[in-house]
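Chemist: Structure of the sequence below:
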Amino acid sequence: LLLGLTALAGMFFSRSPLEDGARGQALAVSFGLFRRAAWQFAYDNPEHQGAISPDMLSLPEGARRWQARMYNGVCYVWGMVSGTESSAIQAQYHNSQAIGQARAGTLRPWGHALPDFIPAGALVSLMEVR
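Modeler: Below is the predicted model:
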């Protein structure tokens, strides 16, 4: 009985693949907007070091607040998303080498070393500013 109720609840409360795809696309757009704004800030302020506050960026009202930081001439943008969301976002960017997931201190699948402030599992994009 418990197994049947669990399966029934899963049918009513899980998202369809179509909903997951739409959410992934929306997150990809959100990430792209934030990333573009952070990279513009980095380009305009290459001497900046440390966190880039969302208040420093030109973002549309209501835009999701991702994380951004300048470190040793590189601008990092990241945020925590689920594995399926990360895959959907990376697919939207045609598996660009500038975007991936933080695993064991590197940007996977590309192998770029990441600084310690990037949490494991985060979706990450980076751009050299030097």
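
Chemist: So which elements touch the longest helix along the chain?
Modeler: For the chain, the helix that runs over the most residues, judged by DSSP state H, is helix 17-44. If you count contacts as 3 or more CB pairs under 8 Å, 6 or more residues apart in numbering; DSSP states H and E, helix 17-44 packs onto strand 67-71, strand 74-79, helix 83-92, strand 123-128. C-betas here are computed from N, CA, C, even on glycine.

Chemist: swap the cut-off to 7 Å and go again
Modeler: Packing contacts for helix 17-44, counted by 3 or more CB pairs under 7 Å, 6 or more residues apart in numbering; DSSP states H and E, involve strand 74-79, helix 83-92, strand 123-128.

Chemist: which parts of the longest one are buried?
Modeler: When neighbours are counted by 16 or more other CB atoms under 10 Å, the buried residues of helix 83-92 are found to be 85-90, 92.

Chemist: Let me know the angle separating that helix from helix 17-44.
Modeler: Calculated by axes from the mean of the first three to the mean of the last three CA atoms, to 10 degrees, helix 83-92 forms an angle of 60 degrees with helix 17-44.

Chemist: just how off-centre is helix 83-92 within its chain?
Modeler: 9 Å (CA atoms, centre = their mean, to the nearest Å).
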